[in-house]
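Chemist: Mind looking at a prediction? Sequence and model below.
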Amino acid sequence: MNTSSARQYFSQEINQPDEYIDLARAALYIAQEEYPGLDLEEYLNALDTMAMEVEERLPRERYPLRVIQTLNKYLYEELSFSGNKDNYYDPRNSFLNQVIERRLGIPISLALVYLELARRIDFPMVGIGMPGHFLIRPDVPDIELFVDAFNHGEVMFPQDCQNRLSQIYQQPVTLQPEYLASVSNRQFLGRMLTNLKYIYLNQKQLEKSLDAVERILILFPDIPLEVRDRGLLNYQLGRFSLAANDIETYLTQLPHAQDAPVLRRLLSQLGRKQ
């Protein structure tokens, strides 16, 4: 499959009500741009098989903690999934096919595997977009219990989350309710793509970073900062007309942005006035 086909299928998958978006399928369409020969059904079937094996191991009484313990034992002890702490910024950590094959990932990609298995055994969980570290929790009312898929399924409570935030930012952090809010499917995919955007940017792979931005804008067409970044990436790639169009759009949306003076000078160099 070529890149444009994968992009088209991704667009079709997310162009429906959020609750109907198949996260695993959408994530595999993201991976398909990097791995054109990727067979989606192979990896969806792998998730189905894993879920069936978890189902066989579940206790009769499916209390949330017991289900989590079963998932943890299966994923981290039997299959040896783990967080890639040695090479955290390897792009492969963000592609679902590679995470399934290598059994290595980052918080959000391991959370995706965990979520997909939980969904298949009828134990719904949701993603939690905590700043600096992605978590998941059972979608059960009145249970403040979180799972860190990156750290072997560690079970956490709100105080643990606050401690983790303080560790990440190396200073005391007061836990705010919005830090533990669940994310939509679109937000989940947007966070995955944002990770890829910055990984590729740091590796100076501008074309691949641009690909990530373009897919973020398929998810969220009206984010001014992504429009700006698409323009700046196109500028660096020598596509000056496309760059100018996006920078003009950004400045129209945010005329008083902090970076507006710099961008107006750049527009002037491109022969445009704002």
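Modeler: That came in fine, so what should we check first?
Chemist: going forward, measure contacts between C-alpha atoms and count neighbours the same way
Modeler: Fine.
Chemist: hang on, isn't residue 181 packed against residue 129?
Modeler: Yes - the criterion here is CA atoms under 8 Å, and residue 181 meets it with residue 129 at 6.7 Å.
Chemist: Neighbour count for these two, which is higher?
Modeler: residue 129 (21 against 13; other CA atoms under 10 Å).
Chemist: these two touch, right, that one and residue 182?
Modeler: Yes - at 6.5 Å, residue 129 counts as touching residue 182 under the criterion of CA under 8 Å.
Chemist: Give the intersection of the neighbour lists for those two.
Modeler: Residues touching both residue 129 and residue 182 by CA atoms under 8 Å, 6 or more residues apart in numbering: none at all.
Chemist: What segments of the stretch 51-200 of the chain are helices?
Modeler: Taking DSSP state H, counting those that start in this stretch as the criterion, the stretch 51-200 of the chain contains helices spanning 64-72, 96-102, 107-120, 158-169, 185-202.
Chemist: Let me have the ones you listed in CSV, extended by mean neighbour count, distance to residue 233 and mean pLDDT.
Modeler: Listed next are the helices of the stretch 51-200 of the chain as CSV, based on neighbours: other CA atoms under 10 Å; distance: least, CA to CA, whole Å; pLDDT from 0 to 100:
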stretch, mean neighbour count, distance to residue 233, mean pLDDT
helix 64-72, 18, 41, 96
helix 96-102, 19, 26, 98
helix 107-120, 23, 25, 98
helix 158-169, 15, 29, 91
helix 185-202, 20, 9, 97
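Chemist: I'd like to know which of the ones you listed lies nearest to residue 58.
Modeler: helix 64-72 (6.2 Å; CA to CA).
Chemist: on contacts alone, who are the packing partners of that closest one?
Modeler: Applying 3 or more CA pairs under 8 Å, 6 or more residues apart in numbering; DSSP states H and E, one finds that helix 64-72 contacts helix 40-57.
Chemist: Check the secondary structure at residue 37 for me.
Modeler: Secondary structure assignment for residue 37 (DSSP: H, G, I helix; E, B strand; the rest coil): coil.
Chemist: what's it sitting at in phi/psi?
Modeler: phi -90, psi 0 (degrees, to the nearest 10).
Chemist: same deal with residue 58?
Modeler: Torsion angles, degrees, to the nearest 10, at residue 58: phi -70, psi 140.
Chemist: quick one: contacts for it?
Modeler: Contacts of residue 58 by CA under 8 Å, 6+ apart are 66-67, 70.
Chemist: switch the cut-off to 7 Å
Modeler: Neighbouring residues of residue 58 by CA atoms under 7 Å, 6 or more residues apart in numbering: 67, 70.
Chemist: Contacts only, for the residue nearest the centre of the chain.
Modeler: In the chain, the centroid-proximal residue (CA atoms, centre = their mean) is residue 192; its distance is 2.0 Å. Each residue near residue 192 by CA under 7 Å, 6+ apart is listed here: 94, 108.
Chemist: Not counting sequence-adjacent ones, nearest residue to residue 98?
Modeler: residue 92 (5.8 Å; CA to CA, 6 or more residues apart in numbering).
Chemist: hang on, the earlier thing: would you turn the helices of the stretch 51-200 of the chain into TSV with distance to residue 5?
Modeler: Formatted as TSV, the helices of the stretch 51-200 of the chain follow (distance: least, CA to CA, whole Å):
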stretch	distance to residue 5
helix 64-72	35
helix 96-102	18
helix 107-120	23
helix 158-169	39
helix 185-202	18
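Chemist: I'd like to know which of the ones you listed is closest to residue 242.
Modeler: helix 185-202 (18.8 Å).
Chemist: what's the distance between residue 195 and residue 151?
Modeler: Distance, residue 195 to residue 151, using CA to CA, to the nearest Å: 19 Å.
Chemist: I misspoke; the intended subject was residue 15.
Modeler: For residue 15, the distance to residue 151 - CA to CA - is 33 Å.
Chemist: Compare neighbour counts for these two and give me the winner.
Modeler: Legend: neighbour count by other CA under 10 Å for residue 15 and residue 151, higher for residue 151 (17 against 14).
Chemist: so the spatially closest residue to that one that is not a sequence neighbour bridges to which residues?
Modeler: Using CA to CA, 6+ apart and skipping the chain neighbours, the partner closest in space to residue 151 is residue 83 (6.4 Å). Counting by DSSP bridges, residue 83 is bridged to residue 105.
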